[in-house]
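*Asks:* Mind folding the following:
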Amino acid sequence: MSSNAIIFAIVFLAAMALFAWSSFRRFRLVALGRPEDRFSDLLKRLGGMLVYAFAQRRVLSRPFGLNHFVLFWCFLILFLANTEFLFGGLFPDYVSLSRLPDGAYHTLAFIFDVVSALALLAVVVAFIRRAAFASPHIGGLSRDAVTILSLVAILMIAFFGLHGGKIALGSEPAAYMPVSGFVAGAFFSGASAGSLAGYINFFWWLHAIVLLGFLNYLPYSKHMHILTAVPNCFFRNLSRVKILPREEFKKGNTFGVGQVNEFTWKGLFDSYSCTECGRCSDACPATFTGKPLDPRLVIHDIKMNLLKNGPLIARKKTPVLPLIGDDKEGSIAEEVLWECTTCGACVEVCPVFIEHFPRIIDMRRYLVEMHAKFPEELLTLFDNMEQRSNPWGIAPAERVKWAVDIEVKPFEADKTEYLFFVGCAGAFDARTRRTTVALAQILEASGVSWGILGRDELCCGDSLRRLGNEFVFDNMARENIKLFADRGIKKVITQCPHCYSTLKNDYRQYGAELEVIHHSELIAHLIQEGRLKLDGAGDLGRVVFHDSCYLGRHNMIYEAPRKVITSATGQEPTEMARHHAKSFCCGAGGGRMWMEEPIGKHINVARVEEALEKDPETICVCCPYCMIMFEDGLKDKGVTEKVKVLDLAEVAARALK
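*Replies:* Next up is the predicted model:
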């Protein structure tokens with residue numbers, strides 16, 4: 001073995017040992033998290049990993065994603081070239097592409113040469129984008145970004161220098177390596193054999209040192225996602241709806257997450273997988289309107305807290321940096337946690353399936369259940385929920401007041417098919433009562449067998465769960481499920497997406513198997529079956545439609561309400577700039593309906609402004625929270641006389657024959 005090979009073997013072994021040690025130090029901290037099953041349905045997980053990690057579906061949803069796609073696949077292809085390079089350095093007499101048959105050797109040489117050029121071009125584009133067109137949420141050329149991009153660029157330059165020198169020396173064929181051949185002609189022509197040997201040796205060592213240095217830099221940079229992004233796509237939540245696990249209320253138990261190791265291991269692995277691309281920040285309504293919440297920074301702070309406290313926790317020592325309540329990096333301010341609307345936009349756009357808002361709810365649970373710390377205005381909400389099972393604290397007898405002018409029947413087991421779960425807003429809010437009446441008229445006109453619980457109806461508990469008051473939610477869910485079972489209720493109609501999602505998804509954790517249908521789906525179905533005859537909804541003018549977060553992103557109901565609007569008005573609704581999965585929140589989800597919004601622009605005003613850009617006469621919604629937020633926003637803009645807000649049921653009811 002040559003002295004060159006011996007020296008490289010020592011460097012290689014030292015570098016790989018350092019990489020293994022660094023990776024072990026990082027990944028062992030993930031094991032501190034609570035257990036969670038992310039290995040079910042392996043075929044589905046593998047398929048998703050191919051689509052989202054290797055085919056980069058979410059990455060390509062934005063224009064610059066193409067550059068990342070190119071760089072990603074260049075890395076994969078050049079992984080083979082770099083493996084051959086490293087083993088060729090260790091065993092130069094045995095490992096070399098030139099030992100392959102000429103056809104295979106020339107083909108691979110051509111591919112590696114062209115791909116290296118593409119990688120260098122992608123790095124240049126990334127530099128330009130970072131320097132001139134960076135998102136405000138990720139900044140420009142950070143030290144980490146410059147370091148990584150520079151290392152990749154040097155690797156490619158070293159590749160061309162190495163092979164250009166070999167081509168000039170005559171040891172490699174120029175015909176199959178066009179870029180390296182150009183380098184040979186442009187920079188090495190006329191050089192002596194001795195000089196070429198020196199250039200080749202220099203570029204070989206430059207490539208080796210930078211490659212091994214790059215590998216060892218990864219565990220200490222945000223580009224650690226190169227190691228974790230692909231498996232994180234495999235470990236993604238297979239459920240569209242991100243429901244936190246139930247808590248067991250026993251003496252001595254702790255609730256929520258107040259220390260970083262109380263997250264699940266997947267929650268910790270998420271923090272290593274963040275690419276800090278800023279897509280979640282761009283999509284977040286709180287960030288967009290100037291609130292302190294930035295979902296990217298929440299995940300970053302979880303990672304920094306884990307790196308700071310993890311080694312101490314592993315040694316059974318006290319953490320030195322609080323997870324919640326400090327202004328330092330690695331600690332999340334309490335006000336940040338209360339700004340989240342749980343709209344799911346962050347999760348929807350994340351290329352590597354990080355689950356941002358469930359981590360926020362974890363920490364809300366800790367504040368509420370372990371320390372009774374929450375915004376002052378929530379005290380009234382929690383008291384009202386516990387005492388009278390509705391946010392306003394209104395007497396249960398008032399739940400049927402909406403039906404004073406129409407005849408409604410109570411739900412009867414074995415006689416009534418559907419329970420109309422009116423919901424708190426539908427029963428108590430004066431504006432939403434009009435939607436409730438409209439839906440009742442539709443049900444009657446189409447011959448649906450339905451009934452109500454009247455004063456016995458309880459709140460579903462959606463806001464409680466999203467705000468972290470799991471104890472009260474747990475009691476409420478149990479009472480509701482018992483009530484449904486006692487009354488023989490199996491099918492439920494809701495007008496509120498929050499009720500819909502809670503009854504359909506959250507209650508499954510309690511063994512409830514309810515067939516829950518949102519009124520948008522039901523009305524569309526009745527129209528399709530010919531049971532609901534519409535004859536034009538009058539002159540509503542241009543109708544702009546708003547996608548509710550809990551109907552759309554959380555439960556994938558997009559087309560049903562649009563079909564109803566088209567059937568009722570004779571024209572398709574006008575879409576806002578952000579619609580369907582990219583829809584912008586109204587600001588009321590996650591319990592924000594019951595909280596003040598003192599910082600930044602009001603989220604509902606921002607959404608109303610977006611709607612007004614389309615010059616509508618009617619804004620159609622499918623959610624009582626959205627209804628309230630839009631009407632308040634229109635008042636703020638002073639356009640209530642020009643633009644009206646209608647629920648989908650009201651639009652359809654106006655068109656009844």
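*Asks:* Run through the helices of the stretch 451-600 of the chain in chain order.
*Replies:* Here the stretch 451-600 of the chain has its helices, by DSSP state H, counting those that start in this stretch, at 462-467, 470-487, 497-504, 519-529, 559-569.
*Asks:* where does the stretch 151-300 of the chain have low pLDDT?
*Replies:* For the stretch 151-300 of the chain, no stretch is flagged by pLDDT under 70.
*Asks:* so who does the residue nearest the centre of the chain touch?
*Replies:* Compute the mean C-alpha point of the chain, and by C-alpha atoms, centre = their mean the closest residue is residue 347, 0.8 Å away. Applying C-beta atoms under 8 Å, 6 or more residues apart in numbering to residue 347 gives the contacts 242, 280, 353-357. Just so you know, the C-beta spots here come from the backbone N, C-alpha and C atoms, and that holds for glycine as well.
*Asks:* In the sheet, which residues pair with the nearest residue to residue 540 once chain neighbours are set aside? Tell me.
*Replies:* Using C-beta to C-beta, 6 or more residues apart in numbering and skipping residues adjacent in sequence, the residue nearest residue 540 is residue 618, 4.3 Å away. Counting by DSSP bridges, residue 618 forms beta bridges with residue 543, residue 644.
*Asks:* Count residues in the vicinity of residue 618, would you?
*Replies:* 22 (other C-beta atoms under 10 Å).
*Asks:* what do you get for residue 321?
*Replies:* 17.
*Asks:* how about it, secondary structure?
*Replies:* Following DSSP: H, G, I helix; E, B strand; the rest coil, residue 321 is assigned to coil.
*Asks:* so where's the stretch 501-650 of the chain uncertain?
*Replies:* Within the stretch 501-650 of the chain, the segments meeting pLDDT under 70 span 537.
*Asks:* For it, just list every one of the strands.
*Replies:* Using DSSP state E, counting those that start in this stretch, the strands of the stretch 501-650 of the chain run over 515-518, 543-545, 574-575, 618-621, 644-647.
*Asks:* What is the neighbour count of the closest residue to residue 520 other than its chain neighbours?
*Replies:* Leaving aside its chain neighbours, residue 520 sits nearest to residue 561 (4.2 Å; criterion: C-beta to C-beta, 6+ apart). Residue 561 sits with 29 neighbouring residues when counted by other C-beta under 10 Å.
*Asks:* Wait, residue 561 touches residue 649, no?
*Replies:* No. Applying C-beta atoms under 8 Å as the test, residue 561 and residue 649 come out as separate, 10.2 Å apart.
*Asks:* Can you name the residues that contact the residue nearest to residue 520?
*Replies:* Residue 561 makes contact with 520, 524, 545, 551, 620, 622, 648 under the criterion C-beta under 8 Å, 6+ apart.
*Asks:* Can you report how many residues lie near the fifth one?
*Replies:* I take that to be residue 620. The burial count assigned to residue 620 is 28, neighbours taken as other C-beta under 10 Å.
*Asks:* Can you tell me how far the closest residue to it other than its chain neighbours is from residue 651?
*Replies:* Closest residue to residue 620 apart from its sequence neighbours, by C-beta to C-beta, 6+ apart: residue 545 at 5.0 Å. Using C-beta to C-beta, to the nearest Å, residue 545 is found at 10 Å from residue 651.
*Asks:* One more: residue 599?
*Replies:* According to C-beta to C-beta, residue 599 and residue 651 sit 35 Å apart.
*Asks:* Which of those two has more residues huddled nearby?
*Replies:* Comparing residue 599 with residue 651 by other C-beta under 10 Å, the one with more neighbours is residue 651, at 27 against 14.
*Asks:* name the element the closest residue to residue 405 other than its chain neighbours belongs to?
*Replies:* Residue nearest to residue 405 in three dimensions, not counting chain neighbours: residue 437, with 7.6 Å by C-beta to C-beta, 6+ apart. Element membership for residue 437, per DSSP states H and E: helix 430-445.
*Asks:* in that helix, what counts as buried?
*Replies:* Residues 432-443, 445 are the ones in helix 430-445 that count as buried (16 or more other C-beta atoms under 10 Å).
*Asks:* for stretch 576-586, same thing?
*Replies:* 576, 578-579, 581-586.
*Asks:* still on that earlier bit, quickly list what's touching both of residue 545 and residue 651.
*Replies:* Residues touching both residue 545 and residue 651 by C-beta under 8 Å, 6+ apart: 565, 620.
*Asks:* Now residue 466: closest residue in space, sequence neighbours ignored.
*Replies:* residue 590 (4.5 Å).
*Asks:* Please disregard the earlier target; I meant residue 515.
*Replies:* Among residues not flanking residue 515 along the chain, residue 491 sits closest, at 4.6 Å (C-beta to C-beta, 6+ apart).
*Asks:* In this structure the one you found contacts residue 513, no?
*Replies:* No. Here residue 491 does not reach residue 513: they are 11.0 Å apart, not a contact under C-beta under 8 Å.
*Asks:* Between those two, tell me which one has more neighbours.
*Replies:* residue 491 (14 against 7).
*Asks:* now the residue nearest to residue 515: how far from residue 508?
*Replies:* Using C-beta to C-beta, residue 491 is found at 15 Å from residue 508.
*Asks:* just residue 312 next, same as before
*Replies:* For residue 312, the distance to residue 508 - C-beta to C-beta - is 38 Å.
*Asks:* Repeat that for residue 220.
*Replies:* Look at residue 220 and residue 508: by C-beta to C-beta, they are 42 Å apart.
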